[in-house]
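In: next one to model:
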Amino acid sequence: MSRIGRMPIAVPAGVTVDIAENNKVTVKGPKGTLERVLPAEMEIKLEGAEVVVTRPNELKRMKSLHGLTRTLIANMVTGVTEGYEKVLEVNGVGYKAQKNGKTLVLSLGYSHPVEMVDPEGIESTVDGQNKIIIKGIDKEKVGQYAAEIRDKRRPEPYKGKGIKYADEVIRRKVGKTGKK
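Out: Numbering: from 1, shown residues only. Down below sits the predicted model:
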């Protein structure tokens, strides 16, 4: 059995989980509501204050879907209670980030400023001039938006200029050496 798939998901107080037909799971909590259609083969049951996911048989596909389904529901529960956040750092001379209403304006050494509008349900804030904090209740959307911002100027290995995650370690390379 899948070790992760077997674990029950504790539903904290103030959170409601509704399971409709075709495994459409809706999770409501203090921070908002998330809904998602999960694989129809999995059996999702609400037992007291816990959600239990079981699989119908031992096929390889069912085994892989078992842990995934449980993790997706657990992420939804965590999202509506605590929310998710990613922190990005902008490094480089003249590189900076600003917030203009719902638009994130990035100066990244291009001939024009890069403007990005926050997607629905996601909020980005700028701390100082080089720290971007992305918050939201949907883990997938937060991660995707953070990845899109990072793609505007990825960190380069020689000077470390660019946008990186706060916990990311950049492999540095030694530059060329002159001829003697």
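In: could you identify the helix or strand that succeeds the strand ranked longest in the chain?
Out: Looking across the chain with DSSP state E, the single longest strand is strand 84-91. Elements were assigned by DSSP states H and E; along the chain past strand 84-91, the next helix or strand is strand 96-100.
In: in stretch 169-180, what's buried?
Out: By 16 or more other C-beta atoms under 10 Å, the buried positions in stretch 169-180 come out as Ile170. C-beta here means a position set from N, CA and C on the backbone, and glycine is covered the same way.
In: what mean pLDDT does it get?
Out: Averaging pLDDT along stretch 169-180 yields 83.
In: give me the contacts around it.
Out: Residues from elsewhere that reach stretch 169-180 (C-beta atoms under 8 Å, 6 or more residues apart in numbering): 155, 157-158, 160, 164.
In: cool, and stretch 140-147?
Out: In this structure, residues lying in contact with stretch 140-147 by C-beta under 8 Å, 6+ apart are 75, 84-86, 88, 118-119, 121-122, 124, 134-136, 165.
In: now that stretch, how far from the chain's geometric center?
Out: Computed by C-alpha atoms, centre = their mean, to the nearest Å, the chain-centroid distance of stretch 140-147 equals 5 Å.
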